[in-house]
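Undergrad: With the sequence up front, the predicted model follows.
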Amino acid sequence: MTSQKSQNKLTLLKLMREDLKHRRWMLVLSSFVQLFFGPIAVLFGFSEIEQQYYYSMDDPNGVYKAMLSAVARVTKSYLPLIMIVIAIVGALIVGIGGYRHLFNRKMTDMVNSLPVTRGKQFDSIYFNNWLIWLVPQVLSLILCMVIMLVKAAPYGFSSMILTSMLFVLIGAALCFACMMHLVILAVVLSGSIFNALLNVVFIGFDLIVIYFTIDLMCTACFDTYVQLPLFASDICWISAPSSGAYFGGLIARGFFLQSGEEIAEVFGSVTAFYLALAATIIVAIVNLVIAYSIYVKRKSEDSETGISNKIYGLCIRCVNSVLGGLFIAELINELLYMRNGSLKIWQMFFAAVASAVVFGVIDMIHGRSFKGFFSHWKQMVAVVLAMEAILVSFLYDITGYDKRIISESSIDTAMVEVYLYGMGSDGSNYIKDPEREGMLIDKEIVYGFNREDYYIEIPVHLAYKLITARRVLWKNYERYIFDPVTRSTEEYVENGNRYYYEDVNIVADRKVGFDFVRSYNICDKDVLEELINVPGFMEQAFPFRSGELGYPQRIWVTDRMGNRRDIEIPPELMEEVFDTSVQDFKDNYSYDYIGMVDRDFVYCLECEYYIENRYADEEDAYWINTMQLYLSEDDVRTIELLDELGFEDYKYTG
């Protein structure tokens with residue numbers, strides 16, 4: 001036991017100097033990698049791009065374009081990407097290499113015998129980790145900056161270069177910190193390098209795997225499931241590798257320089273961006289604090305073992321054993337499509353086997369012995385039983401997820417998706433391109449995945465009607481009618497045209513708690529009639545039929561439901577035909593008219609629209625989408641017009 005006085009003889013700087021002597025190879029490797037992939041690669045990159053324009057006699061601005069292309073490529077693409085990759089790999093190497101003595105009992109005893117506190121030991125290694133990565137990083141970026149300034153400063157790119165280098169450094173540092181803190185935590189929880197690497201995977205990605213496993217099981221087992229209360233992106237911010245790399249890359253590319261509107265397009269709002277960034281930083285700090293707390297109390301006996309913390313080891317075995325069982329159950333569902341409930345028995349059997357195997361293998365790895373497979377067999381049995389209980393709750397809907405309803409008084413506001421699959425709502429994913437006449441653009445490009453742009457608000461009383469309406473459910477892959485109010489079921493008649501149903505996605509924003517998000521196959525005609533007559537629903541759900549997308553570029557009259565394309569409506573008559581069809585649609589718009597029941601069509605028209613392709617490299621790129629326009633006997637004026645134009649031979653008679 002060393003005294004407090006003797007512990008103070010070794011200063012932090014002396015410890016860092018001594019530690020760095022044993023890790024000089026890391027500093028050399030870091031310097032070589034960052035200099036090679038930094039200034040040397042940038043120099044070659046500039047030379048290659050410049051040559052494309054220097055010898056172009058047709059373009060007097062060739063040199064300027066070369067500089068602009070080179071600077072943009074380096075600052076917005078190459079350097080942000082390569083420095084994030086180097087930060088991740090570097091954090092893994094210095095994190096494991098710096099605390100490698102924890103994997104060997106003799107080395108741990110020797111380090112612990114030094115006249116210095118455990119906390120100071122930890123700090124010296126930690127600061128050296130930063131020094132090994134940061135010093136070469138700064139030198140590399142300074143050289144990159146000098147090269148670019150010499151080449152491009154005369155053309156007015158100095159400010160852009162200086163700003164970009166600063167953001168690259170900040171972004172890479174954030175990524176390095178997130179990853180290194182996770183690696184250090186994984187190391188102090190382990191007694192071997194292999195287990196440390198496994199811990200990086202478990203701690204870094206288990207929450208994401210849990211999220212997607214639950215989402216997968218809900219999708220497979222629940223008829224009304226749409227999404228979990230939290231989005232996948234909300235979980236990713238808790239994962240140090242994913243959030244650190246993502247935010248590090250965003251910052252390195254100068255994301256902070258964008259306007260509030262541009263940031264909101266990616267994150268929904270500026271506030272959401274800063275909250276997610278804060279969560280990433282907090283997780284990194286928490287990982288470091290936990291690692292430090294465990295390190296200062298860790299015993300030498302924990303070295304050369306699989307795992308140094310028994311509670312953590314139990315949690316890892318239990319969580320991954322349950323995940324393994326549930327995943328195999330869903331895999332069996334995909335591989336063996338059986339009816340009458342026999343599939344569920346096989347799912348439970350294989351899930352139990354998989355759960356036990358995952359538990360035993362992790363236990364074997366932690367114990368570093370093949371004999372460790374059954375070393376905690378009682379825990380294994382308990383976890384397998386718990387996994388089976390979770391699986392049964394999904395397979396048989398023990399929680400009543402599909403049959404659950406909420407009170408009308410608990411709903412604050414409600415929305416419903418405007419795309420109803422059985423109603424032929426062609427074009428609902430497009431809007432007019434505001435920049436180019438006669439061209440459409442995908443909503444996703446303009447709005448992203450913002451839910452409000454694909455949904456329309458409905459009254460609370462209608463939302464409650466949708467939630468409590470009679471609907472179609474599946475039981476052992478057979479359909480039946482379910483009444484959520486009386487909880488009664490009855491047979492579904494397919495050929496007797498007794499019931500028709502439509503898939504409706506609804507979001508009920510409750511006054512307290514998470515949103516109530518469901519997908520119902522509603523077969524109540526009156527409720528669906530009221531839904532489609534909500535003001536504005538027609539224009540959003542059927543923008544093509546109601547003329548909101550403008551005139552098509554071409555219209556064909558097709559025979560036998562599109563099996564043959566023979567006649568194209570002349571351009572001078574196209575607008576008249578289309579305007580007449582739009583007017584027929586607006587006059588006849590009702591539940592029965594828009595395709596809720598089976599009926600024959602008189603004409604099938606195929607209308608061609610040009611959709612702007614924003615993802616193509618060349619300018620003015622577009623692709624063609626053909627939307628079908630089926631005319632029933634209710635479209636009297638359009639049919640009469642087509643008959644007068646001589647298209648009678650192309651009527652659908654099948």
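TA: Yep, it's here.

Undergrad: Against Leu174, how distant is Gly248?
TA: According to CB to CB, to the nearest Å, Gly248 stands 5 Å off from Leu174. From N, CA and C alone the C-beta is placed, and that goes for glycine too.

Undergrad: no, scratch that, I was asking about Lys511
TA: Applying CB to CB to Lys511 and Leu174 gives a distance of 38 Å.

Undergrad: same check, this time on Ile481
TA: Applying CB to CB to Ile481 and Leu174 gives a distance of 55 Å.

Undergrad: If you count surrounding residues, which of these two has more?
TA: Leu174 (25 against 19; other CB atoms under 10 Å).

Undergrad: Doesn't the more buried one belong to a helix?
TA: Yes. When DSSP: H, G, I helix; E, B strand; the rest coil is applied, Leu174 is found to be in a helix.

Undergrad: Which stretches in the stretch 51-200 of the chain count as helices?
TA: Using DSSP state H, counting those that start in this stretch, the helices of the stretch 51-200 of the chain run over 62-73, 79-98, 105-112, 118-152, 158-188, 193-221.

Undergrad: buried ones in the fifth one?
TA: When neighbours are counted by 16 or more other CB atoms under 10 Å, the buried residues of helix 158-188 are found to be 160-161, 164-165, 167-169, 171-188.

Undergrad: Show the secondary-structure elements that that helix is packed against.
TA: helix 79-98, helix 118-152, helix 193-221, helix 240-252, helix 270-297 (3 or more CB pairs under 8 Å, 6 or more residues apart in numbering; DSSP states H and E).

Undergrad: orientation of the second one relative to helix 62-73 in degrees?
TA: Angle of helix 118-152 versus helix 62-73, following axes from the mean of the first three to the mean of the last three CA atoms, to 10 degrees, is 170 degrees.

Undergrad: Repeat that for the last one.
TA: Between helix 270-297 and helix 62-73, the angle formed by their directions is 50 degrees, by the same axes, to 10 degrees.

Undergrad: now for helix 270-297, which elements pack on it?
TA: Under the contact rule (3+ CB pairs under 8 Å, 6+ apart), helix 270-297 is packed against helix 118-152, helix 158-188, helix 240-252, helix 260-267.

Undergrad: cutoff 10 Å now
TA: Counting contacts by 3 or more CB pairs under 10 Å, 6 or more residues apart in numbering; DSSP states H and E, helix 270-297 packs against helix 118-152, helix 158-188, helix 193-221, helix 232-236, helix 240-252, helix 260-267.

Undergrad: Also the fourth one?
TA: With contacts defined as 3+ CB pairs under 10 Å, 6+ apart, the secondary structure elements packing on helix 240-252 are helix 79-98, helix 158-188, helix 193-221, helix 232-236, helix 260-267, helix 270-297.

Undergrad: chain center to that helix: distance?
TA: Here the centre of helix 240-252 is set off from its chain's centre by 14 Å, with CA atoms, centre = their mean, to the nearest Å.

Undergrad: Then stretch 370-390?
TA: For stretch 370-390, the distance to the chain centre is 32 Å (CA atoms, centre = their mean).

Undergrad: mind checking pLDDT for the nearest residue to Asn104 once chain neighbours are set aside?
TA: Leaving aside its sequence neighbours, Asn104 sits nearest to Ser303 (CB to CB, 6 or more residues apart in numbering; 5.9 Å). Note on Ser303: pLDDT of 75.

Undergrad: Show the contacting residues for Ser303.
TA: Counting by CB atoms under 10 Å, 6 or more residues apart in numbering, Ser303 makes contact with 101-109, 190-192.

Undergrad: from the residues you listed, which would you call buried?
TA: 101-105, 108, 190-192.

Undergrad: sorry, back to before: save the contacts of Ser303 as CSV, and put in pLDDT and distance to Trp130 too.
TA: Listed next are the contacts of Ser303 as CSV, based on pLDDT from 0 to 100; distance: CB to CB, whole Å:
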residue, pLDDT, distance to Trp130
His101, 85, 19
Leu102, 86, 19
Phe103, 85, 22
Asn104, 81, 24
Arg105, 81, 28
Lys106, 82, 28
Met107, 83, 22
Thr108, 80, 23
Asp109, 78, 27
Ser190, 86, 22
Gly191, 79, 25
Ser192, 82, 25
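
Undergrad: would you turn these into a markdown table with distance to Val85?
TA: Converted to a markdown table, the contacts of Ser303 look like this (distance: CB to CB, whole Å):
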| residue | distance to Val85 |
| --- | --- |
| His101 | 28 |
| Leu102 | 27 |
| Phe103 | 26 |
| Asn104 | 30 |
| Arg105 | 35 |
| Lys106 | 35 |
| Met107 | 30 |
| Thr108 | 32 |
| Asp109 | 37 |
| Ser190 | 24 |
| Gly191 | 29 |
| Ser192 | 26 |
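
Undergrad: tell me which element Met415 is part of?
TA: Using DSSP states H and E, the element containing Met415 is strand 411-417.

Undergrad: helices or strands up against that strand?
TA: strand 455-458, helix 460-468, strand 502-510, strand 516-522, helix 537-541.

Undergrad: mind checking the end-to-end distance for stretch 489-508?
TA: End-to-end span of stretch 489-508 (CA to CA, to the nearest Å): 25 Å.

Undergrad: pLDDT (mean, whole number) over it?
TA: On average, stretch 489-508 scores 74.

Undergrad: before we move on, what about stretch 328-342?
TA: For stretch 328-342, the mean confidence score works out to 74.
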